[in-house]
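J.: Have a look; sequence and predicted model below, questions after that.
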Amino acid sequence: MTEELKVIRPDESGSYSRFLTDGCLCCREGAKMVLFVTGRCYRDCFFCPLSVDRKNADVIFANERPVYSDADILDEARTMRAKGTGITGGEPLLELPKVLRYISLLKSEFGKEHHIHMYTSEAPDEKQIKALANAGLNEIRFHPPYEIWIRLEESPYKNAVFSA
C-alpha cells in the first residue's frame with residue numbers, strides 16, 4: 001500500500017499553519033507600529049538584525065522616529081493610524097519598567113483593542129508575565145537562543161510559554 005503524499009502550501013500570508021494571530025493580521029495590514037525600546041542585549045544571536053548604530057545602544061524608536069518623550073510615541077501611532085504595536089529591541093525585558101509604562105500608555109490612549117505584542121529572547125518568570133498581562137500586553141513572541149533549541153522542553157522557556 002502506498003501512502004499519498006500530501007503537499008501543504010502556504011496561504012497568501014506565507015503561513016503554513018493557516019492561522020495568524022491578531023497581531024500578525026494587524027501587521028499584514030501595515031497597521032502595527034514598531035516600538036524599539038532598547039538596543040541593549042547581552043546575547044549575540046546569529047539572526048539579530050540590529051545595525052551597529054542600534055546594537056547595545058540605549059535608544060528608543062517608534063518606527064524609525066527617535067523617541068524623546070511619550071508624546072513622540074503617541075504622535076507616531078496617531079500619524080500612522082496604528083491598530084497595534086510590536087515591542088522589540090535588543091532585549092525589551094532589560095527595560096521592563098519602561099515596557100510596562102509604554103503598554104499602559106498605548107492602552108490608555110487607544111483602548112483595549114490596540115493590540116500589543118512583544119518579542120523577547122528571555123524566558124520571563126511568572127511575576128514578569130503577570131505584570132505584562134496586567135499592563136495590557138496581548139502576546140509574547142519568544143526567540144530562545146539557538147544553543148537551547150534542541151532542549152527547549154528542559155529550559156525555562158517551557159514554563160514561560162505555559163504561564164503566558
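T.: Now that the structure is in, tell me what you want to look at.
J.: What are the boundaries of the helices in the protein?
T.: Per DSSP state H, the chain carries helices over the ranges 22-28, 70-79, 96-110, 126-135, 156-163.
J.: Tabulate these (TSV), appending distance to R40, mean neighbour count and mean pLDDT.
T.: Placement of C-beta: from N, CA and C, glycine included. Shown next, in TSV, are those (distance: least, C-beta to C-beta, whole Å; neighbours: other C-beta atoms under 10 Å; pLDDT from 0 to 100):
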stretch	distance to R40	mean neighbour count	mean pLDDT
helix 22-28	24	17	79
helix 70-79	18	16	98
helix 96-110	11	17	97
helix 126-135	17	16	93
helix 156-163	20	15	74
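J.: for the ones you listed, which one sits closest to G39?
T.: With C-beta to C-beta as the measure, helix 96-110 is the member of the helices of the chain nearest G39 (13.1 Å).
J.: Which strands and helices lie in contact with the closest one?
T.: Counting by 3 or more C-beta pairs under 8 Å, 6 or more residues apart in numbering; DSSP states H and E, the packing neighbours recorded for helix 96-110 are helix 70-79, strand 84-88, strand 115-120, helix 126-135.
J.: do you know which of the helices of the chain lies nearest T38?
T.: Nearest to T38, of all the helices of the chain, is helix 96-110, at 7.7 Å by C-beta to C-beta.
J.: which residues touch that closest one?
T.: Helix 96-110 has contacts (C-beta atoms under 8 Å, 6 or more residues apart in numbering) with 35, 37-38, 70, 73-74, 77, 82, 85, 87, 92-93, 114, 116, 118, 128, 131-132, 135-137.
J.: Once you drop chain neighbours, what's closest to R54?
T.: Leaving aside its sequence neighbours, R54 sits nearest to G39 (C-beta to C-beta, 6 or more residues apart in numbering; 4.1 Å).
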